[in-house]
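1. kindly return the folded structure for what I paste below:
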Amino acid sequence: MGVSSLLDVKRQLTFYGAYHDHPVNVAIHMIFVPTILWTALVLCSRLPYPDFLPQYHVRFNEYLAFDLNWSGLWVIFNLIYYYILEPTAALLYTPEWLLIGLSSAAFAYRPDAMKFAAGLHVASWIAQFSGHAFAEGRSPALLDNLLGALVLAPFFVHLEILFKLGYKPQLRESIHQSVKQEIASIKASEAQTKKEL
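-> You can find the predicted model right below:
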């Protein structure tokens with residue numbers, strides 16, 4: 001996948017949408033993708049951080065903080081990527097994205113944070129995989145493109161909500177048509193593979 005395709009919102013959302021087309025699966029993702037993101041940020045806040053990078057911590061209040069660590073970098077770099085993909089949608093997403101990032105950083109300081117986040121994280125993944133198995137009837141996107149799925153999932157969920165509220169109907173329809181074509185292509189490929197076996 002070339003750099004230009006990484007920056008093409010339609011292509012990226014077509015890839016992700018081809019794995020998330022069933023309304024029940026989309027609804028499950030709308031609930032659990034933000035939960036997985038938040039818990040992952042809590043869990044990754046304790047990963048070792050290189051000494052040569054600056055140490056930076058700001059606590060705004062009991063519920064909001066910022067740490068320059070792996071979780072903080074994930075929040076910063078993904079938000080930049082979202083602005084490159086679709087600036088208006090990213091601007092609308094920024095308050096929610098920052099709330100997720102800042103609240104997870106503050107929560108990570110609680111003594112029970114890791115245990116709570118790990119339990120919620122596992123339960124959320126179980127819900128996600130159930131949506132793929134029972135509603136979508138196919139494997140999740142992360143099995144084909146782990147990084148793409150993890151980076152795109154929160155933004156995809158956000159755009160799904162925006163689309164339901166009437167955001168850029170031409171883009172929504174264009175992506176929807178591309179998703180239908182991609183699903184047809186995937187099903188044809190799967191059928192061919194089964195035939196050859």
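2. what sits against the most centrally placed residue in the chain?
-> Per CA atoms, centre = their mean, the C-alpha nearest to the average position across the chain is that of Ala153, at 2.3 Å. The contact partners of Ala153, by CB atoms under 8 Å, 6 or more residues apart in numbering, come to 16, 29, 33, 36-37, 141. Where you see a C-beta, it was placed from the backbone N, CA and C, and this is true even at glycine.
3. show me what the longest helix belonging to the chain is packed up against.
-> As far as residue count goes, and with DSSP state H defining each element, the longest helix of the chain is helix 169-196. Judged by 3 or more CB pairs under 8 Å, 6 or more residues apart in numbering; DSSP states H and E, helix 169-196 is in contact with helix 9-17.
4. after the helix it packs on, which helix or strand is next?
-> Once the chain leaves helix 9-17, the next helix or strand it forms, by DSSP states H and E, is helix 23-44.
5. I'd like to know which elements that next one is packed against.
-> The contact analysis (3+ CB pairs under 8 Å, 6+ apart) places helix 23-44 against helix 70-85, helix 87-107, helix 113-130, helix 146-164.
6. helix 146-164 and that one, what's the angle between them?
-> Helix 23-44 runs at 130 degrees relative to helix 146-164, counting by axes from the mean of the first three to the mean of the last three CA atoms, to 10 degrees.
7. related to what we said a few turns ago, export the contacts of Ala153 as TSV, with columns for pLDDT and neighbour count.
-> TSV is the format used below for the contacts of Ala153 (pLDDT from 0 to 100; neighbours: other CB atoms under 10 Å):
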residue	pLDDT	neighbour count
Tyr16	79	24
His29	90	25
Val33	93	22
Ile36	95	21
Leu37	96	23
Ala141	71	21
